[in-house]
Every structure is written in C-alpha cells, then in structure tokens.
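Undergrad: predicted model, plus sequence, below.
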Amino acid sequence: MKLQSRSRDEPEINVISLVDVLLVLVLFLMVSTSFLRETEITMQLPEAAAEAPAAAPDDKLEIMITQAGAYVVNGRELVNNERRTLRAAIERLAGEKRDVPVFIRADAAATHQAVVTAMDVAGQLGFVRLNIATVTPPEARAQ
C-alpha cells in the first residue's frame, strides 16, 4: 500500500492587517499632535524683602481699562480699542525705556480679553515689570 504524502503549504504571515493597524496608529498620532506653539509672556515676579519698600517711581506707565473696554494710558483715553492703537500709545509714552513698571488697572466689569490684550502688548514691547493693580470699591471698604 502506497500512501501519498500531502503537499505541505508554506505558512504565510498576513501583513495586510498589520499594515492597517500601523496606518491607524500613524493617523492617530498625526491628529493628536499639536504643531502650534502658544505665545508666551515672560514676567519677572516680585520677591519678598525685609527692608521697607522703595517709594513709587515717578516714571511709570499706567493702563486703565474701562467697563466698555476702552483703554486709558497715563490719563489719556485712546481713540479706539484696537491693539495697534494701544501699542502706538505705549511706544510714544515709554520711548526706548523698557524698565519702567507697567500698572494695569481694569474695571470689574471689563472683559478678560481686554486685560489679556493689554498684558500681551506690553509683553511684546519688552516690558517685564507688569503689575496688576486692584482697587477696592468704596462700599466694600465701609464694611
């Protein structure tokens, strides 16, 4: 009796499903990766000192933001609320000096965007001594 041996099939690795999985991983990584870099504001934070604070300098830049979002720079109201107008006013008043302190005072009802815009413009111009000033309303002082 002669038995015939069966021909053996060579084992195969199915690479189609492997390629599909790899393409899905690459697509996921491309979609989840952020290629944008957010802008930064470099600030020099104050440090506590044991000695008495120095007198307030006469040379300062004060940016006030009204309830309507209008900017007032050193007591002068700007003609509009645009970023470039604020930038031009600050450049004109400060000149080349970038070491003067900048005080930003905002009305309680002013938008957050107006305050951030003022901080961003000052930071882009090279000011690092930014101060966010708060004012207590008179009715809150009486309590």
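TA: Perfect, thanks for sending it.
Undergrad: only C-alpha atoms from now on, for both contacts and neighbour counts.
TA: OK.
Undergrad: list the contacts for the nearest residue to Ala108 once chain neighbours are set aside?
TA: Counting by Cα to Cα, 6 or more residues apart in numbering, Ala108 lies nearest to Gln67, which is 7.2 Å off, once chain neighbours are set aside. By Cα atoms under 8 Å, 6 or more residues apart in numbering, Gln67 lies in contact with 106-111.
Undergrad: just the buried ones from the residues you listed?
TA: Ala106 (16 or more other Cα atoms under 10 Å).
Undergrad: list just the nearest of the contacts of Gln67 to Leu22.
TA: Nearest to Leu22 among the contacts of Gln67, counting by Cα to Cα, is Thr111 at 47.0 Å.
Undergrad: state the distance from the residue lying closest to the closest one once chain neighbours are set aside to Arg87.
TA: Spatial nearest neighbour of Thr111, chain neighbours left out: Gly69 (6.7 Å); criterion: Cα to Cα, 6+ apart. Using Cα to Cα, to the nearest Å, Gly69 is found at 15 Å from Arg87.
Undergrad: higher neighbour count, these two?
TA: Gly69 (19 against 16; other Cα atoms under 10 Å).
Undergrad: these two touch, right, that one and Ala108?
TA: No. Using Cα atoms under 8 Å as the test, Gly69 is too far from Ala108 to be in contact (10.9 Å).
Undergrad: before we move on, back to that, which residues does the residue nearest to Thr111 contact?
TA: Going by Cα under 8 Å, 6+ apart, Gly69 touches 81, 110-111, 114.
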